[in-house]
Every structure is written in C-alpha cells, then in structure tokens.
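Visitor: the amino acid sequence is not available; the structure is as follows:
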C-alpha cells in the first residue's frame, strides 16, 4: 500500500515541503531514497526501537521510502516521526484518512518520546502558505510554531499520542498563543540598564548617537574601564523591535536551533558576543550544510567583538561585505542561500598589548612601535566601516562611590526612538532604508547638506587627519544622527564638530 505523508526541509531561512512516499509491498528490505544524509538514513534504527517499545512493529515486508523532490539534500533527524507514521499507515496498522492534512516532524528517542527540531517557525509559515490544516511536532517547539495564526499546532511528547490521534480520534491539545499580546507584554522588560553605569557620561552619549543612527562603534580603553558593561547595555536603548523584525529574528534563531524550549516569539533584540577564537565560518555562516553564523544571529540586534585585535585577521575581513550589504550569501555547487545580517557592530579593544595607553605610570607600558603593531592587526578598510571611534577612560573613585543612579535606558531609548522616527519619515519613499547608517552616497548628498563654514571645517579635518572618502561619508552620517537627536532639520557646525571627534583612531599622535 502506498501512503503520502508530509515533512519539510529548511534552506537558508525558508522551508520547502517534502513529500514522503511510503510503499509497503511483498518482499524484504528497507530502502530510503531521495538524497538523504546519514542522520536521515539512521532513522530506521530509531523508528524500529520506538515502535517496538510502544507495542507496534516495523512490518516484515519490502519498505520503500522516497523523499520528493529527490534532487534536494535532506538532512537531520527530524523526519523520524514522518517516516514512522507513513510506515504505520502504509502497513495498515493505523488509519490514514486525514494524515495528508498535516505536516508531521520530530526526532524519535528509542522509547518513542520526541526531541526538538530546528526551523519550526519557517516550516509553520510554509505549511500555512500551502494550505495544510495543521502541524504536529515536539512539544518543545510548539509555542514557536504557534506564532503562525490560522494553523493548528499540536505539541506532543510521545509517538503514541499521534497514533491515537489518527487511529482512535483522540483529541490532541492545540497550542495557541496571542502573538501580539505576548510580544508587547515582554517589550518593556530590560535585562541590563544604563542606570547601573557610574560615570562615563561622554561614552553614554556616544552610545546614544550610535543607537539613534544604527552606527557601528569601537570602544578603546584599558582593562576595567567598563567597555563590556557599556556594550551589553546597548540593546536596551535601541528602539523596541517591530513585530516584523521579531518574526525575522525568530526565524533565523529557529533555523539555527537557538530558540529556548517553550519560547515563542523573540521580543528582545539579540546580543551576540563570540569568543575571539571563532572561525570565519562560525562568524558569517556556512559549513557543509550551511547554517547561519553569528552575524546573522545578531540580525536586528548587536554583535559585540571583545578584544578586536585578538580575532584572526581573516575572520574580521570576511565581515566587510556583510557590513555594507547587510546580508551574507553562501554559495555551494548545488544551491545558494542568503541570510540577513543587519546588525550593529560594537567592538572593544585595549590600546596596546599590555592593555594601557602609552602612560609611564601605567602598570604595563608599551612602546609606540608595539602599539602600532598591535593596532595594525585591524585593517584600515574594516576601521573605515566603523562610524564611531571613542576612547574609554577608567572611572574615578568619586564616580564609582556615588549613590545617585545615572539616567536609565528607558529615558535614553525614548530619545533614540524619536530620532529613528524622524529617519523613518525621511526615508519612507526609499525601500530597505530605515536609518542613517544605511544611507548610500546618493542619500548622503541629498540629506547631509552642509553650509559653507561647515564645509571648511570638514575640509580642514579631512586634510589634517588624512581621512578616506569612506570616513568622510561616516562623519556626515554621524552628524546627521546627532542633528536628529537634537530635532534639527539641518546639520550645524556643532553637530559636525562632535562627529569629527568620534574618529579617535584617525587622529595623528593618538599613539603618543
């Protein structure tokens, strides 16, 4: 008997429905075709044990399973439940009248319980699009899939629940969540707050400007100055995610299997902080079976690279194109996948191998040549793509011991949100352009107009600091963000002056 059941495969951040044809006929043997990988091929052992431990059996006949379309590579163990239900239906151990109305996915343990799968959200979106009635999957992924309205989502713990659902009409508990209610209820909860930071008012101002325009930023300072503490609090002052941004972000984390059990929609901007030993594939994505890397997991959030010069130069260089294009494309012989990677880059570094500025009173001193060699690990083109360079100095005892708390993230975020709204209105006619850091040369010419004194000021700075054309663009973008924070329609001289001072690594004599 031939039965068709349905699963799904994820490529990039999109899902493709897989038709699993199971034919049970006279003979002996188990044949699985349709370009499966080793994890898919090993499913027969898990299925056999799971069925036996739940008083069912693999029929002693010839079983042929075809996964169509046969030219797409199928990977992972999530098809176990799909195969098992197809085999039971084709061998007439269960009824199968309505089995084709559902997408069925799940990894089986030997006792029949189910393990979570990757990519539940894109699979659910595709199932809804193709008109399936429901989605049966492990309970750990149910809330994630239930984000999709209009699709019946059933989270299960054991294969016997699915068998009884089709065979005896046993009701399964449907997972339903009010996506908007859950999303908006979680927006205001902050894990980190700028009110915890003592002193560093100038650095907070920098962070506010970076958040307002979506600018990349690098913090340069000795150990213990508070670089990491400040970076961790940057997501708390970014504008709250929109529902569309939350869906995009959740899809990427779903594909990578990074959604926590029983968590639905992600409502907070991601903050990723990879170790400096990370490989280029782990950072940008890829592998034999491509997976999103850290830059895609940071989509709509913050990527923090601590101790930037300690990262391998090749790893940093592969970020140059994604920083400009805000997406990364991974090509293989048979297919190409594109992952979104619109993130804010926040980097930190010590000014020298010893960790301190060229100061005779510092615990560990370095010569100018040692500092130059250390800084040269970061290429000029990458530094050009970082809009704001700022020095972070240690906080004096008087500030550390203050009882009075600083300004909180909620107040700063209100100003940032107003500045972002100005930018949204400004760019509303331009597709895929939402904030100042995304402006291209044409938009810079249109929206960053300078008066004659400001032009002379910028010309002097360019000549003295020997800045590149890209640095020129960065200064104008940052000045535009400073003007937006001040609710100013035009860029004034003080906005431009402040933007120029945020190019620390370009200043002559910075090394002492």
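Guide: Yep, that arrived. None of these values were measured; they are calculated from a predicted model.

Visitor: burial of the nearest residue to residue 284 once chain neighbours are set aside, as a residue count?
Guide: The shortest distance from residue 284 to any non-neighbouring residue, by Cβ to Cβ, 6 or more residues apart in numbering, is to residue 293 (4.6 Å). The way it works is simple: take the backbone N, C-alpha and C, and place the C-beta from them, glycine included. Residue 293 has 28 neighbours, counted by other Cβ atoms under 10 Å.

Visitor: same check on residue 434?
Guide: Close neighbours of residue 434, defined as other Cβ under 10 Å, add up to 17.

Visitor: OK, contacts around it?
Guide: Residues near residue 434 by Cβ atoms under 8 Å, 6 or more residues apart in numbering: 214, 420, 423-424, 427.

Visitor: correct me if wrong, but it is in a helix.
Guide: No - counting by DSSP: H, G, I helix; E, B strand; the rest coil, residue 434 is located in no helix; its state is coil.

Visitor: now it: how far from residue 428?
Guide: 9 Å (Cβ to Cβ, to the nearest Å).

Visitor: just the buried residues of the contacts of residue 434.
Guide: Buried members of the contacts of residue 434, counted by 16 or more other Cβ atoms under 10 Å: 214, 420, 423, 427.

Visitor: now, which of these sits nearest residue 484?
Guide: The shortest approach to residue 484 among the buried ones among the contacts of residue 434 belongs to residue 423, at 6.2 Å (Cβ to Cβ).

Visitor: wait, isn't that closest one in contact with residue 436?
Guide: Yes - with contact defined as Cβ atoms under 8 Å, residue 423 counts as touching residue 436 (5.8 Å).

Visitor: what is in contact with those two at once?
Guide: 213, 484.

Visitor: pLDDT wise, what is the residue lying closest to residue 395 once chain neighbours are set aside at?
Guide: In this structure, residue 395 finds its nearest non-sequential neighbour in residue 199, 4.1 Å apart by Cβ to Cβ, 6+ apart. As predicted, residue 199 sits at a pLDDT of 80.

Visitor: which ones are touching residue 199?
Guide: Applying Cβ under 8 Å, 6+ apart to residue 199 gives the contacts 395-396, 399-400, 402, 406.

Visitor: over to residue 20?
Guide: Taking Cβ under 8 Å, 6+ apart, one finds 4-7, 65-68, 79, 82-83, 86 in contact with residue 20.

Visitor: and residue 477, how far is that from residue 489?
Guide: For residue 477, the distance to residue 489 - Cβ to Cβ - is 16 Å.

Visitor: so for these two, which residue has more residues nearby?
Guide: residue 477 (25 against 9).

Visitor: hang on, isn't that one packed against residue 215?
Guide: Yes - between residue 477 and residue 215 there is a contact at 6.8 Å, judged by Cβ under 8 Å.

Visitor: which neighbours do those two have in common?
Guide: Common contact partners of residue 477 and residue 215 (Cβ under 8 Å, 6+ apart): 387, 436-437.

Visitor: from the residues you listed, which is closest to residue 259?
Guide: Distances from residue 259 to the shared contacts of residue 477 and residue 215, taken by Cβ to Cβ, are shortest for residue 437, at 28.0 Å.

Visitor: and stretch 382-402, what's buried?
Guide: 382-392, 394-395.

Visitor: now swap in stretch 320-333 and tell me
Guide: 322-323, 326, 328, 330.

Visitor: how about the nearest residue to residue 63, chain neighbours excluded?
Guide: Once flanking residues are discounted, residue 63 sits nearest to residue 30: 5.0 Å by Cβ to Cβ, 6+ apart.

Visitor: and the contacts of the helix or strand hosting the one you found?
Guide: For residue 30, the host element (DSSP states H and E) is strand 29-33. The contact list for strand 29-33 (Cβ under 8 Å, 6+ apart) reads 40-41, 43-44, 58, 62-67, 70.

Visitor: can you get me a residue count around residue 444?
Guide: 17.

Visitor: quick one: it and residue 477 touch, right?
Guide: Yes - Residue 444 is within contact range of residue 477, at 6.9 Å (criterion: Cβ under 8 Å).

Visitor: could you tell me which of the contacts of strand 29-33 belong to strands?
Guide: In strands, defined here by DSSP state E, the members of the contacts of strand 29-33 are 62-67.

Visitor: can I get the residues you listed in a markdown table with pLDDT, distance to residue 166 and neighbour count?
Guide: As requested, those are arranged in a markdown table below (pLDDT from 0 to 100; distance: Cβ to Cβ, whole Å; neighbours: other Cβ atoms under 10 Å):
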| residue | pLDDT | distance to residue 166 | neighbour count |
| --- | --- | --- | --- |
| 62 | 95 | 23 | 14 |
| 63 | 96 | 19 | 23 |
| 64 | 96 | 22 | 17 |
| 65 | 97 | 18 | 25 |
| 66 | 97 | 21 | 16 |
| 67 | 97 | 21 | 22 |
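
Visitor: quick one: which of these is nearest residue 184?
Guide: residue 67 (40.4 Å).

Visitor: against residue 45, how distant is the nearest residue to that closest one once chain neighbours are set aside?
Guide: Spatially, and ignoring its direct neighbours in sequence, residue 67 is nearest to residue 34 (3.0 Å; Cβ to Cβ, 6+ apart). In this view, residue 34 and residue 45 are 18 Å apart by Cβ to Cβ.

Visitor: pull the distance from the helix or strand of the chain with the lowest mean pLDDT to the chain's centre.
Guide: Ranked by mean pLDDT, DSSP states H and E, the helix or strand of the chain with the weakest confidence is helix 397-400, at a mean of 72. Here helix 397-400 is found 37 Å from its chain centre; the criterion is Cα atoms, centre = their mean, to the nearest Å.

Visitor: same thing with stretch 255-275?
Guide: 8 Å.

Visitor: straight-line length of it, end to end?
Guide: 22 Å (Cα to Cα, to the nearest Å).

Visitor: model confidence over that stretch, on average?
Guide: 86.

Visitor: low-scoring stretches of the stretch 151-300 of the chain, by residue?
Guide: 186-189, 261-262 (pLDDT under 70).

Visitor: switch the cut-off to 90
Guide: Residue ranges of the stretch 151-300 of the chain with pLDDT under 90: 167-171, 176-202, 220-226, 240-246, 257-268, 286-291.

Visitor: now residue 224, nearest residue through space, not along the chain?
Guide: residue 394 (6.3 Å).

Visitor: list the contacts of the one you found.
Guide: 221-222, 224-225.

Visitor: show me which pair in these is furthest apart.
Guide: Once Cβ to Cβ is applied, these give 221 and 224 as the farthest pair, at 8.8 Å.

Visitor: neighbour count: those two, which is higher?
Guide: Comparing residue 221 with residue 224 by other Cβ under 10 Å, the one with more neighbours is residue 221, at 23 against 11.

Visitor: that one against residue 352, yeah?
Guide: No - using Cβ under 8 Å, residue 221 is not in contact with residue 352; the gap is 11.1 Å.

Visitor: find the centremost residue of this protein, please.
Guide: residue 297 (2.1 Å; Cα atoms, centre = their mean).

Visitor: does that one touch residue 253 like I think?
Guide: Yes - with contact defined as Cβ under 8 Å, residue 297 reaches residue 253; the gap is 6.4 Å.

Visitor: remind me, longest strand of the chain?
Guide: When the chain is scanned for its longest strand (criterion: DSSP E), the result is strand 14-25.
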